[in-house]
Each structure stands twice: as C-alpha cells, then as structure tokens.
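>>> when you get a sec, could you give me coordinates for this:
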Amino acid sequence: MNKSILLQRLQYERDTFELLLNRIGFARQLTMKGVSGNLSIKDLLADVLAREQFMADRLNEILHGETYAPCTSYTALQDFQSQYGYPDYESPLMEKEKPDHLVMEKFKNIALDEIIAQELGVYANIMDAIRKLTHHQFLDHDLYHRIAIHTYKPYRRVGAEIQRWRKRIGAGPV
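Numbering: from 1, shown residues only. Okay, the predicted model is just below:
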C-alpha cells in the first residue's frame with residue numbers, strides 16, 4: 001500500500017460511513033439506546049471520535065519525533081486515560097473491539113452536534129498528518145495498519161451495528 005491508496009480508501013470508507021449516518025436522519029434515532037447493547041449511535045460516534053483522536057495524537061507525535069509506547073501495566077493504562085481522555089487502544093491490556101465505558105461517560109452530557117463537530121475536526125487532522133508523513137515514517141511505525149485499525153475499521157464495525165439495529169427495529173436498511 002502507499003499513501004495515495006490509503007487516502008483514497010480512508011476517504012471512501014469515510015464517505016460510506018457518513019452516508020449511512022446522514023440517511024438515518026432523525027436526531028432522536030441517533031440518541032436512542034439499544035443499537036449495541038445499551039449504547040446509542042451517539043455513544044458509538046463518541047467511541048469512533050476517541051479512536052480517531054488516539055490516532056491523530058500518535059500521528060502528531062511521529063511528526064514531531066516523539067515516541068509512543070503502549071501501556072503495559074494497569075496503572076500506566078489509567079494514567080494514560082487520565083492524561084489524554086481516551087484509552088490506550090494499542091495496549092495489550094485493552095479489549096480492542098469493545099467501546100470503552102469511560103469514553104461513553106465522558107461524552108454522555110455532550111451534545112450530539114458537538115461530538116460530530118469534534119469528530120470531523122479530528123478526521124481532518126488525521127488526513128492532514130497523513131499527507132505530511134513520509135513513506136519511511138509510514139513503514140517505521142506500521143501506519144498503514146494502525147491507521148486502518150483506528151479509523152475505517154471502526155467505521156465498518158459501527159456501520160454494521162447500525163444496520164443490524166435498523167433491521168431489528170423494522171426500519172430496514174439505509
């Protein structure tokens with residue numbers, strides 16, 4: 001893979017995800033619990049935002065020559081979350097696919113529009129960082145894989161959960 005292919009794939013996946021969200025339409029449906037367990041689409045968007053913010057921050061560290069190492073103790077994991085406001089998603093101590101309850105709690109009282117605005121900003125930061133990073137930085141930091149894990153794979157996972165939920169409630173596919 002190269003950067004231009006990654007950028008095209010990321011944009012395609014992003015467009016697909018946004019199209020799904022736009023087709024739902026009603027804000028009340030975006031905040032209804034039960035999409036995935038007791039979570040709403042808003043909760044799942046907060047999870048996507050946290051994962052993207054994690055990646056944006058790691059890309060920014062690489063651009064500035066800083067070093068990141070995944071947390072290997074529960075104390076370090078708690079300290080990381082306190083410092084950044086999201087989990088260390090690359091720690092071997094984290095469940096990779098499950099939304100983090102502390103992220104849901106953090107965004108519980110934040111308006112859906114604000115979550116969407118923040119998420120769009122973080123996505124733009126990721127795209128900008130990708131354009132600035134060199135091919136060697138991508139290879140040295142396994143970024144083709146890591147960016148996929150923290151961006152478009154969560155879009156796909158959340159999109160599939162939304163589709164299943166819509167089918168369960170009889171709303172049909174979007």
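
>>> and what about the residue nearest in space to the middle of the chain, helix, strand or coil?
Residue closest to the average C-alpha location in the chain (CA atoms, centre = their mean): V48, at 2.8 Å. Under DSSP: H, G, I helix; E, B strand; the rest coil, V48 falls in the helix class.

>>> which strands or helices does whichever strand or helix holds E13 pack on?
In the assignment (DSSP states H and E), E13 maps to helix 3-24. Applying 3 or more CB pairs under 8 Å, 6 or more residues apart in numbering; DSSP states H and E, we find helix 3-24 packed against helix 41-63, helix 112-132, helix 143-150, helix 152-168. For every residue, glycine as well, the C-beta is placed using N, CA and C.

>>> run the chain-centre distance for the second one.
How far helix 112-132 lies from its chain's middle: 10 Å, per CA atoms, centre = their mean, to the nearest Å.

>>> and if you look at the shortest one?
Relative to its chain's centre, helix 143-150 lies at 11 Å (CA atoms, centre = their mean).

>>> next, give phi and psi for E66.
Backbone geometry at E66, expressed as degrees, to the nearest 10, gives phi -90, psi 160.

>>> now for it, how many residues are close by?
For E66, the count of nearby residues is 10 (other CB atoms under 10 Å).

>>> next one: it relative to V122, how far apart?
E66 is 18 Å from V122, where distance means CB to CB, to the nearest Å.

>>> re the thing from before, among the helices and strands packed on helix 3-24, show me which one is buried the most.
Mean neighbours per residue, mean count of other CB atoms under 10 Å, is largest over those for helix 41-63, with a mean of 22.

>>> related to what we said a few turns ago, so who does the residue nearest to the centre of the chain touch?
E119, P154, Y155, V158 (CB atoms under 8 Å, 6 or more residues apart in numbering).

>>> CA atoms only for stretch 153-165 - export them in PDB, please.
Taking Å, rounded to 0.1, in the frame of the first residue of the first chain, the C-alpha atoms of stretch 153-165 are listed here in PDB:
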ATOM      1  CA  LYS A 153     -12.300  -0.400  10.700                       C
ATOM      2  CA  PRO A 154     -14.300   1.300  13.500                       C
ATOM      3  CA  TYR A 155     -16.500   2.900  10.700                       C
ATOM      4  CA  ARG A 156     -17.200  -0.500   9.300                       C
ATOM      5  CA  ARG A 157     -17.900  -2.000  12.800                       C
ATOM      6  CA  VAL A 158     -20.200   0.800  13.800                       C
ATOM      7  CA  GLY A 159     -21.900   0.800  10.400                       C
ATOM      8  CA  ALA A 160     -22.600  -2.900  10.700                       C
ATOM      9  CA  GLU A 161     -24.100  -2.500  14.200                       C
ATOM     10  CA  ILE A 162     -26.300   0.400  13.000                       C
ATOM     11  CA  GLN A 163     -27.500  -1.800  10.000                       C
ATOM     12  CA  ARG A 164     -28.300  -4.700  12.400                       C
ATOM     13  CA  TRP A 165     -30.200  -2.400  14.800                       C
END
